[in-house]
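Enquirer: give me the fold of what follows.
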Amino acid sequence: MRLNTKQIDNAKLKKKLYRLFDGHGLYLEVTPSGGKYWRLKYRFDHKEKRITFGPYPQISLLEAREMREAARKKVALGIDPIEDKKDQRRIAALGAENTFETVAREWHKLNKDSWHDIYGGHILHRLEMDIFPRIGKLPIAKIKPLHILDALRLIEKRGAGEVARRTLQYCSQVFRYAIITERAERNPAHDLKGALKPIKHGHYAAIGIDEMPDFLRALDRNDARLFPQTRDAVRLLMLTFVRTGELIGAKWGEFDLDNAAWNIPAERMKMRRPHFVPLSRQVLDILKEQHKLTSNWDWVFPNQAHPKKHMSNNTVLGAIERLGYKGRMTGHGFRALAMSTIKEKLGYRHEVIDRQLAHVPANKVDAAYDRAQFLDERRVMMQKWADYIDNIATTGKIIHVDFAQAAE
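Expert: Model (predicted):
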């Protein structure tokens, strides 16, 4: 006879354990202490086995019957319900260990040696800032496209559309790694193609040379109350026009101040080629003052709060914004400013400036020029550029230099 709820609720306690049977192997086990547990007796591989479904009334009679039928179907398919339950527990435990953050950090560690140090640090910073707080604790196999999209929307809301796009790319690479290592079956980031706002690509914001007098006055007045080394970093970007990452990651061992030379190793350059920067007298003066402040550290510009790390890229950008040039100038903008001004005002050839910018030749003809280092010309050019900026700072005026003299 099949059980009913009233019969189960009225089951009396006895001195010994006893069972109430419902049929097809399902029964309720009543203990002397008053516990009531659903169990199923079945045969698998010619052996009698028992599986526990859980206590009553947490598991109702109807739910117990549904669990019985599900177990019987597994047996019919050649699946042992007990072993299947153990497998599900192992999968659940594995999922709890294989969170997005766990897999992402493993992926980052695996790849970081093949990346530029700054690039690898940037990727981890983006994940730690924008992704781990939102989906980092979720099992990677359970993450859906909407989970990722919600995190990316927050990045877009602060006006960082390009950052959102790149962060999506990082997430997609993490999921591909999870699939390869059999911790996920699909890449939900791939489904978000077209879900982010379109990015309007353009040049880095850069002021023109006619705006330099005002910029230099703002930097000199320092109404923004920038730290001395932050102002020096801005000045060095302006005078050397290296990339921001190349400057903030500079170490004292790269400099030969006696010979006015800065040799940036290939591993720190965007194109993995060593780069030589001649140092003007003005740059040497800044570096010598900076050396008094930071010579105890490897970095020329250590982080103010954590000096074992170098200055953040955002420090330079934030300084320029605080000077009143948000959206009008960036650290990278000094490269565009130098290229146009040195050609137009100082009369230097494009290939000489291009070599100092460490650009990669666009074609075979340019590659022929690239074999020439133009070192003598570059040394003179960098000094004339620093003198030109000094003249603007002193007079507040933009001057034209005699091209013939500039080329001497």
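Enquirer: any low-confidence regions in the stretch 1-150 of the chain?
Expert: Applying pLDDT under 70 to the stretch 1-150 of the chain flags residues 90-96, 118.
Enquirer: mind redoing it with 80?
Expert: For the stretch 1-150 of the chain, the stretches flagged by pLDDT under 80 are 1, 87-97, 115-119.
Enquirer: can you show me the strands along it?
Expert: Per DSSP state E, counting those that start in this stretch, the stretch 1-150 of the chain carries strands over the ranges 18-23, 26-30, 36-44, 47-55.
Enquirer: and the third one with strand 47-55, angle?
Expert: Read it as strand 36-44. Put simply, strand 36-44 runs at 150 degrees to strand 47-55, going by axes from the mean of the first three to the mean of the last three CA atoms, to 10 degrees.
Enquirer: next, the angle from strand 36-44 to strand 18-23.
Expert: Interaxial angle, strand 36-44 versus strand 18-23 (the same axes, to 10 degrees): 60 degrees.
Enquirer: same question, the shortest one
Expert: When the same axes, to 10 degrees is applied, the directions of strand 26-30 and strand 18-23 differ by 160 degrees.
Enquirer: direction included, what does strand 26-30 pair up with?
Expert: Paired strands of strand 26-30, with direction, are strand 18-23 (antiparallel), strand 36-44 (antiparallel) (DSSP bridges).
Enquirer: most packed of these?
Expert: Each of those was scored by mean neighbour count; the highest is strand 36-44, a mean of 17, by mean count of other CB atoms under 10 Å. All C-beta spots, glycine's among them, are computed from the backbone N, C-alpha and C.
Enquirer: just how off-centre is it within its chain?
Expert: Distance, stretch centre to chain centre, for strand 36-44: 51 Å (CA atoms, centre = their mean, to the nearest Å).
Enquirer: same question, stretch 342-358
Expert: How far stretch 342-358 lies from its chain's middle: 34 Å, per CA atoms, centre = their mean.
Enquirer: so His291 is in which element?
Expert: For His291, the element it lies in under DSSP states H and E is helix 281-294.
Enquirer: need the contact partners of whichever helix or strand comes after that helix.
Expert: Using DSSP H and E, the helix or strand that follows helix 281-294 towards the C-terminus is helix 313-320. Outside helix 313-320, the residues within contact range by CB atoms under 8 Å, 6 or more residues apart in numbering are 118, 122, 224, 226, 230-231, 233-234, 237, 244-245, 247-248, 326, 329-331.
Enquirer: select only the buried ones of those residues in PyMOL?
Expert: To isolate the buried subset of these in PyMOL, counting by 16 or more other CB atoms under 10 Å, use the following:
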select buried, resi 118+122+224+226+230+231+233+234+237+244+245+247+248+329+330+331
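Enquirer: what's the end-to-end length of stretch 17-29?
Expert: 7 Å (CA to CA, to the nearest Å).
Enquirer: hang on, I meant stretch 127-138
Expert: End-to-end distance of stretch 127-138: 14 Å, with CA to CA as the criterion.
Enquirer: quick one: buried residues of it?
Expert: Buried residues in stretch 127-138, defined by neighbour count with 16+ other CB under 10 Å: 127, 130-132, 135-136.
Enquirer: wait, doesn't Leu323 sit right on Phe215?
Expert: Yes: at 7.1 Å, Leu323 counts as touching Phe215 under the criterion of CB atoms under 8 Å.
Enquirer: can you tell me the closest non-neighbouring residue to the residue most central in space within the chain?
Expert: The centroid of the chain falls nearest to Ile123 when counting by CA atoms, centre = their mean (2.2 Å). Spatially, and ignoring its direct neighbours in sequence, Ile123 is nearest to Tyr170 (5.6 Å; CB to CB, 6 or more residues apart in numbering).
Enquirer: thinking again about what came up before, ok, so of the buried residues of stretch 127-138, who is nearest Lys142?
Expert: Nearest to Lys142, judged by CB to CB, of the buried residues of stretch 127-138 is Ile135 at 9.7 Å.
Enquirer: next up, the contacts around that closest one.
Expert: Ile135 makes contacts with 100, 143, 147-148, 151, as judged by CB under 8 Å, 6+ apart.
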